[in-house]
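Undergrad: Just a sequence and a predicted model for now, questions to come.
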Amino acid sequence: MTKVFQSRWFCALVGGLSYWGATLAVWRTPVIPRLAAGALKATARPSWEFNNPELEQFIFDLRLQKVALAKREQQLNALAVRLNAEQEEIGAVTQNIARLQAEFDKNVVSVKEGEVANVRRLAKIYAAMTPEGAANIMKELHDDDVVRIFSFMKDSETAPILELLAAQGADQARRAAKITERLQMTIARTTVQKQP
C-alpha cells in the first residue's frame, strides 16, 4: 500500500480533492445590492452630464474672460472712432493752415537777400524824383514791385506818390489803397532793419 500512496496518481488525486475542499469551505457568493427601479433611473445619467468642479471653474473663468474681451473690444472700437474723428479734424486744420499760409504768402511781399541792393537803389532813384514823375512810372509797375520799392522809402517820400496815384481816378485810388494794405504786411522793413 505504500506503493499506492507514493504513486503520482494518488498524489494528484489528494491534491485536487484538497483544493476543491478548501475552495468550497471558503467560497462566498458576492451580494449585489438591488436598487429599486426608480432609483436606478435617477442615478443613470448620460456620460455628458459628468460633474467636475474644476471643469465648472474653468468654464466660469472662460466666460469672465469672454466678457472682459467683449468690453475691451467695445473700448477699442470707441477709441478707433475717436481717433478717426481726430485725424479728420487734424486734416481739416492742416488744410486750413495751408490755405491761410498760401493766402499770407500771396498777400505778403518779401524782398529776397539778392534783391535788397537793387531795390534800395531803385528806392533812392524814386525818392530823388518828383512825386508826379514817380507816380506816373509806378502807375505802370506791378503792385508787388511798387510795394517792394515803397518798403525801402521813407513814409514822407511815399505819401506824396500815393496821393498823386489816388488823384488819377477811382481805379488808381483802389490800387493805392491795395498797395497801402500790402505795404502794412511787407516783410522787407523788418528784414532790412536786421541787416547792418
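TA: Right, received. Where do you want to start? Residues are numbered from 1 along each chain as shown.
Undergrad: Can you show me the helices along the chain?
TA: Using DSSP state H, the helices of the chain run over 2-6, 8-26, 37-43, 53-107, 116-128, 131-138, 143-151, 155-166, 170-184, 188-194.
Undergrad: Pipe those helices into a markdown table and attach mean pLDDT per row.
TA: Formatted as a markdown table, these follow (pLDDT from 0 to 100):
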| stretch | mean pLDDT |
| --- | --- |
| helix 2-6 | 79 |
| helix 8-26 | 90 |
| helix 37-43 | 53 |
| helix 53-107 | 91 |
| helix 116-128 | 86 |
| helix 131-138 | 88 |
| helix 143-151 | 86 |
| helix 155-166 | 88 |
| helix 170-184 | 86 |
| helix 188-194 | 45 |
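Undergrad: right, so these: which one is the most enclosed?
TA: Greatest average neighbour count among the helices of the chain goes to helix 143-151 (a mean of 21), per mean count of other CB atoms under 10 Å. Quick note: C-beta positions are derived from backbone N, CA and C, even for glycine.
Undergrad: Let me see the domain layout of this structure.
TA: Per the record, the chain has its domains at 52-107, 113-194, by automatic domain parsing.
Undergrad: Now distance to P30 too, for those domains, in a markdown table please.
TA: Output for the domains of the chain, formatted as a markdown table (distance: least, CB to CB, whole Å):
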| stretch | distance to P30 |
| --- | --- |
| domain 52-107 | 30 |
| domain 113-194 | 113 |
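Undergrad: of these, which approaches K3 most closely?
TA: K3 sits nearest to domain 52-107 of all the domains of the chain, at 70.3 Å, using CB to CB.
Undergrad: Can you give the distance from the closest one to the centre of its chain?
TA: Relative to the centre of its chain, domain 52-107 is centred 8 Å away, using CA atoms, centre = their mean, to the nearest Å.
Undergrad: now do stretch 144-156
TA: Distance, stretch centre to chain centre, for stretch 144-156: 49 Å (CA atoms, centre = their mean).
Undergrad: Repeat that for stretch 146-161.
TA: Taking CA atoms, centre = their mean, one finds stretch 146-161 lying 51 Å from the centre of the chain it belongs to.
Undergrad: cool, and stretch 115-129?
TA: Centre-to-centre, stretch 115-129 and its host chain are 54 Å apart (CA atoms, centre = their mean).
Undergrad: Would you mind writing the CA trace of that stretch as CSV?
TA: Provided in CSV are the C-alpha atoms of stretch 115-129 (Å, rounded to 0.1, in the frame of the first residue of the first chain):
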residue,chain,number,x,y,z
GLU,A,115,17.2,141.8,-54.4
VAL,A,116,17.9,144.1,-51.4
ALA,A,117,20.7,146.1,-53.0
ASN,A,118,18.8,146.5,-56.3
VAL,A,119,15.5,147.6,-54.6
ARG,A,120,17.4,150.0,-52.3
ARG,A,121,18.9,151.6,-55.4
LEU,A,122,15.5,151.9,-57.1
ALA,A,123,14.0,153.4,-53.9
LYS,A,124,16.7,156.1,-53.9
ILE,A,125,16.0,156.8,-57.5
TYR,A,126,12.3,157.2,-57.0
ALA,A,127,12.8,159.3,-53.8
ALA,A,128,15.0,161.7,-55.8
MET,A,129,12.3,162.1,-58.5
